[in-house]
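>>> Would you be able to build a 3D model of this:
(one chain, ligands or ions: 1)
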Amino acid sequence: MPQDLLQLLRDNQGRQFELHDRYVNPQMREMLRLVGMDTDYVRASGSYVYDSKGRRYLDLITHSAVFSIGHNHPHVAATLKEVLSAELPNILLMDCSLLSGLLSERLLKTAPHLGKVYFGNSGAEAVEASLKMARGATGKPRIVSFVGAYHGLTYGALSAVGHEMWREGFAPFLPGCTQVPFNDVAAVAKELAEGDVACVLGETIQGDGGVNFPDPGFWPAVADLCRKRGAYLVLDEIQVGMGRVGGFLHAYQHYDVEPDMLLLGKALSGGQAPVSAVLMRDEIFGRVFSRVDRCFIHSGTYCENNLSMAAAWATLDVYEEEDLLRKSAAQGDYFLQKLLPLKARYELVHDVRGKGLLLAIELGPPQSLSLKLGWNTIATMNEGLLAQMVIVPLFRDHGILVQVGGHNFRVIKMMPALNISREEIDYVALSLDKVLADCHRFPGGNWGLVMEMAKRAMVG
Ligand SMILES: Cc1ncc(COP(=O)(O)O)c(C=O)c1O
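Sure, this is the predicted structure:
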């Protein structure tokens, strides 16, 4: 008999860094070492992950909102076990899966103006599918997206990403892709004027770009322009959908707009099996899958696999059972009220913003001379490390996991599980207050820490 897998893990505990150094991604290991987060995690449950010494960490990163129902939710785990033991037919090529049909029906009830669903395995796959569908359905070549956008790292998605950090070194991209400033209706109108745009692709709220909210009239205006110019509006809610901003399942439902395609991923699966989805108007599907011999025209082997479908089904159960849309709104309001005073209290905090449980603290250059010296020194050495002055002590001294927005290194983004408690929110606010107070003493502990990190990063 082969060795028991859990025993294998126990026998090799602690070897992950050495193995990744040699075989997987040595730069990842190096980055974790640099920021002191090379922790030996052994378990994850609810809002917490645990290291081998039994210390727990409150996870506010949640892999950018994958773990909206918490880690390893028992209902999702039980459903997956049930599916595995039932010996159901799975990804038969010549079949229509009942499970994917039921899940489509349930998902479309949440966005009734849309009529068909395409399932993928990752967010980027959903983005790819939407771009291809938009071109296929319109016969038009161009794709308009936004500066600061993140849509994933496969070539089509990367061609729509609006930040150089991800794109550098990978040109040429898909032809016909243009990024315009977010919230700039006139810039969108200009691109659409020729009538050659297949779709406008945007995150309803930009996540990795630094938690950037749309102006109230922005999406309705863009939708209107798209309608007039024969382009589709694709809203990417892979990060900010699934109740993240509270009240509704979908973020667009806050903004008086109806996308032609809606992209879901991350939290949809509950974090235990990969799944993403493109919800689209019937018309788009009909134009692309236009004949019987085109029934496979866009597809992938594992797209409707049972585990992914069941994980999404069970995740939706959890949203309903635990009233997560209401909780996300209520706890989000409470969290924001706790964070807002930090802006008045600390000059390094330039902004605090949030909606539901999507929250951000934006750092910026201080006014006072001594702090300015510290800020400028780090900014010159390695701008990317500035926010680590807050993030690393929060992790090390308070057991709280947060990270920067993605490619916006000045924004600390917080996306806890949607059932985070008020006590946990109080603890985070108090811990942030202590850490920020330390950051306002120069020269002091946190500045020394980040200076040391910047020096080590330079040595490489
Ligand atoms: C808005 C958005 N779109 C697309 C993606 C890509 O998803 P995936 O990493 O699952 O490919 C992400 C991932 O962070 C995202 O935040």
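>>> So, low pLDDT: which residues of the chain?
Scanning the chain for pLDDT under 70 picks out the ranges 1, 460.
>>> near the ligand, which residues of it show up?
64, 122-124, 127, 150-152, 203, 207-208, 236, 238-239, 265 (Cβ under 6 Å from any ligand atom). Where you see a C-beta, it was placed from the backbone N, CA and C, and this is true even at glycine.
>>> From those residues, which land in strands?
Among the residues of the chain next to the ligand, the subset assigned to strands under DSSP state E consists of 203, 236.
>>> And the residue of the chain that's closest to the ligand?
Distances between the chain and the ligand by Cβ to the nearest ligand atom are smallest at residue 123, namely 2.1 Å.
>>> Please report the number of neighbouring residues for that residue.
For residue 123, the count of nearby residues is 28 (other Cβ atoms under 10 Å).
>>> so how far is residue 450 from it?
Distance, residue 123 to residue 450, using Cβ to Cβ, to the nearest Å: 31 Å.
>>> repeat for residue 107
Distance from residue 107 to residue 450, by Cβ to Cβ: 44 Å.
>>> who's more crowded, the two?
For the pair residue 107 and residue 450, the greater number of neighbours falls to residue 450 (26 against 21), based on other Cβ under 10 Å.
>>> Give the closest residue to the more buried one in space, chain neighbours not counted.
In space, and not counting its chain neighbours, residue 450 is closest to residue 389: 4.3 Å by Cβ to Cβ, 6 or more residues apart in numbering.
>>> burial measure for that neighbour, as a count.
Residue 389, neighbours per other Cβ under 10 Å, totals 25.
>>> cool, and residue 82?
12.
>>> how about it, what does it touch?
residue 310 (Cβ atoms under 8 Å, 6 or more residues apart in numbering).
>>> In whatever helix or strand it lives in, which of the residues would be classed as buried?
Assessed by DSSP states H and E, residue 82 sits inside helix 74-85. Residues 76, 79-80, 83 are the ones in helix 74-85 that count as buried (16 or more other Cβ atoms under 10 Å).
>>> need the next SSE after that helix, C-terminal direction.
helix 98-109.
>>> Residues in contact with that following helix: which ones?
Here helix 98-109 has contacts from 88, 114-117, 119, 264, 277, 279, 304, 306, 309-310, 312-313, 316, using Cβ under 8 Å, 6+ apart.
>>> wait, which of those is closest to residue 367?
Each of the contacts of helix 98-109 was scored against residue 367 by Cβ to Cβ, and residue 264 proved nearest at 42.7 Å.
>>> quick one: residue 356 and residue 248 touch, right?
No - using Cβ atoms under 8 Å, residue 356 makes no contact with residue 248, being 9.5 Å away.
>>> Residue 389: what's it in contact with?
So residue 389 contacts 378, 439, 446-447, 449-450 (Cβ under 8 Å, 6+ apart).
>>> before we move on, what about residue 440?
346-348, 371.
>>> ok now the longest helix seen in the chain, how far from the chain's centre?
The residue-count maximum for a helix in the chain (DSSP state H) belongs to helix 422-439. Relative to the chain's own centre, helix 422-439 is displaced by 24 Å; criterion: Cα atoms, centre = their mean, to the nearest Å.
>>> List the contacts of that helix.
Contacts of helix 422-439 (Cβ under 8 Å, 6+ apart): 47, 58, 60, 331, 334-335, 338-339, 342, 345-346, 348-349, 361, 389-390, 393-394, 397-398, 400, 414, 416, 444-447.
>>> tell me the contacts of the residue of the chain closest to the ligand?
151-152, 236, 238-239, 263, 265-266, 276.
>>> let's see it at 10 Å
64, 66, 150-154, 157, 236-239, 263-266, 268, 274-276 (Cβ atoms under 10 Å, 6 or more residues apart in numbering).
>>> Looking at those, which are in helices?
64, 157.
>>> What subset of the contacts of residue 123 is buried?
Buried among the contacts of residue 123 by 16+ other Cβ under 10 Å: 64, 66, 150-152, 157, 236-239, 263-266, 268, 274-276.
>>> For residue 133, give its distance to residue 106.
Counting by Cβ to Cβ, the gap from residue 133 to residue 106 is 21 Å.
>>> What of residue 193?
From residue 193 to residue 106 the distance is 40 Å (Cβ to Cβ).
>>> quick one, which of those two is more surrounded?
residue 106 (14 against 11).
>>> Help me confirm that residue 296 comes into contact with residue 288.
No - the criterion here is Cβ atoms under 10 Å, and residue 296 misses it with residue 288 at 11.5 Å.
>>> who's more crowded, the two?
Taking other Cβ under 10 Å, residue 296 and residue 288 do not tie; residue 288 has more neighbours (20 against 9).
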